[in-house]
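Peer 1: here's my sequence, what's the structure:
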Amino acid sequence: MVTNTQNLPADWAESEQLDGLDLIDKAELVGRVFRVTGFYFTSNDRDISYAYVDGEDTDGNTFSFNDSSTGVRAQLVEYLKSKGNDAAIDTGEYVKASIVIPKGLRVSEFTVKDERGRDKNARTYYLTTSGKRAGADTAAAPKTRTRR
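Peer 2: Model (predicted):
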C-alpha cells in the first residue's frame, strides 16, 4: 500500500510501493550536515568492495549513497575496527549506527591515468570529523611554523 499519497490519483492508494532509500550522488552531501544511520559492505562482479551508507539530514530526509574508495569506505572500515566489529566488513551484514558528520562530506579532486594512459579527473569523498584527536579533550591546534 502506498504510504505517501500526496498529489497522487485516488485510485493509486491501493498500489504497492518499493521499500528503500533514495540513492543520491555524494556531491550533494559536500558541506551538508548529516548523520550516518547505518551501512554495509558488499562486492560487485569485479570484486570491488563498496560501502552502502544510509543517512539522514537535519530536516529528517533519508537517503543512501555508496563509496568504494580510500575515503568514506576506508573510514567506515576503520570505525568498525575501532569498535571491535571488523567481522562485519565485506559480509553484507547491516551495521546500525548514529554518526554525526558535522560538515558533510569533503571532496579531494585529482588527476589519474586511465587504462589507455589518458588523464582522467577523479574524486575521493571523505566523512568530515569532529576536529579532535581520539582521546584528546580539545580540538587539535593548527600547526604553525615561524620563519627565520
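Peer 1: report the central residue of this structure.
Peer 2: Note on the chain: the residue nearest the mean C-alpha position is Val53, at 4.9 Å, using Cα atoms, centre = their mean.
Peer 1: where's that one, which helix or strand?
Peer 2: strand 49-57 (DSSP states H and E).
Peer 1: now for that strand, which elements pack on it?
Peer 2: Strand 49-57 sits against strand 34-43, strand 62-67, helix 72-82, with contacts defined as 3 or more Cβ pairs under 8 Å, 6 or more residues apart in numbering; DSSP states H and E. C-beta here means a position set from N, CA and C on the backbone, and glycine is covered the same way.
Peer 1: can you list the strands that it pairs with?
Peer 2: Within its sheet, strand 49-57 is paired with strand 34-43 (antiparallel), strand 62-67 (antiparallel), according to DSSP bridges.
Peer 1: which outside residues touch that strand?
Peer 2: Strand 49-57 has contacts (Cβ atoms under 8 Å, 6 or more residues apart in numbering) with 21, 29, 32-44, 62-68, 72-73, 76-77, 90, 101.
Peer 1: list the buried ones in that strand?
Peer 2: Residues Tyr50, Ala51, Tyr52, Val53, Asp54, Gly55, Asp57 are the ones in strand 49-57 that count as buried (16 or more other Cβ atoms under 10 Å).
Peer 1: now these in CSV, with pLDDT and distance to Trp12?
Peer 2: Below are the buried residues of strand 49-57 laid out as CSV (pLDDT from 0 to 100; distance: Cβ to Cβ, whole Å):
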residue, pLDDT, distance to Trp12
Tyr50, 92, 34
Ala51, 94, 35
Tyr52, 95, 29
Val53, 97, 31
Asp54, 96, 27
Gly55, 96, 29
Asp57, 96, 28
